[in-house]
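**Student:** pasting the structure only:
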C-alpha cells in the first residue's frame with residue numbers, strides 16, 4: 001500500500017498541491033474529476049518534477065452530473081463527463097477512476113428502484129467500454145445516505161460493479177463506512193478481490209487520527225484481504241461556527257487567494273466544510289501521513 005490524496009478539498013495551483021504531497025511522504029494523487037479545467041501535460045510535468053504519480057481521479061458529482069438521472073439528456077451528459085474523466089486519468093498515466101453514481105446532495109429519487117437501477121447499469125456499461133479501451137480501472141464508491149439515496153453501502157456498490165462487468169471494482173471510504181455499515185471491517189472483507197481504492201477520513205471527517213477509527217485495525221484488515229493499492233486521504237474538515245470552535249483559523253478569509261468556481265465552492269460547503277487556510281490544511285495533510293505511514 002502507499003499514501004495518496006485527493007485535491008478537490010482545497011482550491012490551489014496543482015504545483016502547490018504536489019509539492020506538499022512530496023514534502024509529507026505521499027506517493028500519488030487522486031485528482032479531482034474536473035477534466036475541463038486541467039491541461040494534462042502541465043499537470044503531468046508538475047507530478048514528474050515532484051516524483052508524484054497519478055493514482056487516478058474521482059468524479060465530482062455536482063450540479064447536473066447524475067448517472068441515474070431520469071432525463072436521458074442529463075444522463076448522457078453525465079456519462080460523457082465520466083468518460084472525459086477516464087480520458088484525463090489515461091493522459092496522466094493513472095490507474096483508476098472512482099465513480100459516485102448520483103449527484104452528491106441529492107436524496108430524492110427520480111424514478112422507481114427498477115428504473116434507476118437500469119439507468120445506472122446502462123450508464124456504467126457505457127463508461128466501462130470507454131475505460132476498457134483506455135486501460136483504466138473503474139471503481140464504484142458508496143457514500144452515506146445524507147449525501148445520496150442511491151448507493152450508500154459496500155454491498156450496493158459491489159452489486160452495481162458486478163452488474164456492469166466482472167472487471168469493475170469498488171472504492172470504499174472510511175468516513176462513509178462508519179455511518180452506514182453494521183460492521184465496517186466486515187464490509188472491507190466483503191470487497192476482497194474487488195477493492196480498487198480506499199479513501200481516508202476519520203469518523204468526524206477530520207484527518208486520520210482526529211476521530212475514533214482504529215487505523216491500525218483498518219490497515220490490518222486491508223492487508224488481510226490482500227489490498228495493495230492507495231490509501232487516498234480525503235478529509236473534509238467540518239467548520240465550527242460556535243464559541244466551541246477549537247480551530248478558529250481554519251477558514252480562509254482572504255478570498256483573493258482563492259480561484260474556485262461557484263459550483264466547486266458549493267460542493268465543499270455542502271460537505272459541511274469551507275475554503276481552508278494553508279496552515280490548517282497542511283497540518284491535516286501532515287497528520288494523515290503521521291498516522292498512516294507507520295502502519296503501511
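**Tutor:** Now that the structure is in, tell me what you want to look at. Worth saying up front: this structure is predicted, and the values here are computed from it rather than measured. Residues are numbered from 1 along each chain as shown.
**Student:** from here on, contacts and neighbour counts on C-alpha atoms
**Tutor:** Noted.
**Student:** neighbours around residue 279, how many?
**Tutor:** Using other Cα atoms under 10 Å, the number of residues around residue 279 comes to 12.
**Student:** now the helix or strand hosting it, how far from the centre of its chain.
**Tutor:** Secondary structure from DSSP states H and E places residue 279 in helix 278-292. Once both centres are worked out by Cα atoms, centre = their mean, to the nearest Å, helix 278-292 turns out to sit 17 Å from its chain's centre.
**Student:** in the helix or strand containing residue 80, which residues are buried?
**Tutor:** Assigned by DSSP H and E, residue 80 belongs to helix 72-91. By 16 or more other Cα atoms under 10 Å, the buried positions in helix 72-91 come out as 74-76, 78-91.
**Student:** the nearest residue in space to residue 195 that is not next to it in sequence: what secondary structure?
**Tutor:** Using Cα to Cα, 6 or more residues apart in numbering and skipping the chain neighbours, the partner closest in space to residue 195 is residue 170 (5.2 Å). Following DSSP: H, G, I helix; E, B strand; the rest coil, we place residue 170 in the strand state.
**Student:** residue 170 and residue 140 touch, don't they?
**Tutor:** Yes - counting by Cα atoms under 8 Å, residue 170 touches residue 140, with 4.5 Å between them.
**Student:** okay, and the common contacts of those two?
**Tutor:** Overlap of the contact sets of residue 170 and residue 140 (by Cα atoms under 8 Å, 6 or more residues apart in numbering) consists of 98, 157-158, 161.
**Student:** in this structure, what secondary structure element scores lowest on mean pLDDT?
**Tutor:** helix 262-270 (a mean of 72; mean pLDDT, DSSP states H and E).
**Student:** give me the buried positions along that one.
**Tutor:** Buried residues in helix 262-270 (16+ other Cα under 10 Å): 264-269.
**Student:** now do stretch 14-29
**Tutor:** 14, 17-21, 24-29.
**Student:** ok, and what's touching it?
**Tutor:** Counting by Cα under 8 Å, 6+ apart, 2-7, 43, 46-47, 50-56, 232, 282, 285-286, 289 sit against stretch 14-29.
**Student:** report the buried members of these.
**Tutor:** The buried subset of those - by 16+ other Cα under 10 Å - is 3-7, 43, 46-47, 50, 52-56, 232, 285-286, 289.
**Student:** from the centroid of this protein, which residue is nearest?
**Tutor:** Centrality entry for the chain: nearest residue to the mean C-alpha point is residue 58, 4.9 Å, by Cα atoms, centre = their mean.
**Student:** quickly find the element holding it.
**Tutor:** strand 53-59.
**Student:** and that strand, how far from the chain's centre?
**Tutor:** So, by Cα atoms, centre = their mean, the centroid of strand 53-59 is 9 Å from its chain's centroid.
**Student:** mind giving me the packing neighbours of that strand?
**Tutor:** Strand 53-59 is packed against strand 28-33, helix 72-91, strand 96-99, with contacts defined by 3 or more Cα pairs under 8 Å, 6 or more residues apart in numbering; DSSP states H and E.
**Student:** of these, which is nearest residue 66?
**Tutor:** helix 72-91 (5.6 Å; Cα to Cα).
**Student:** show me what the closest one is packed against.
**Tutor:** Using 3+ Cα pairs under 8 Å, 6+ apart, helix 72-91 is in contact with helix 40-49, strand 53-59, strand 96-99, helix 113-134.
**Student:** the ones you listed: which one's closest to residue 66?
**Tutor:** helix 113-134 (9.3 Å).
**Student:** list the helices and strands the closest one packs on?
**Tutor:** Checked by 3+ Cα pairs under 8 Å, 6+ apart, helix 113-134 has helix 72-91, strand 137-140, helix 154-164 packed alongside it.
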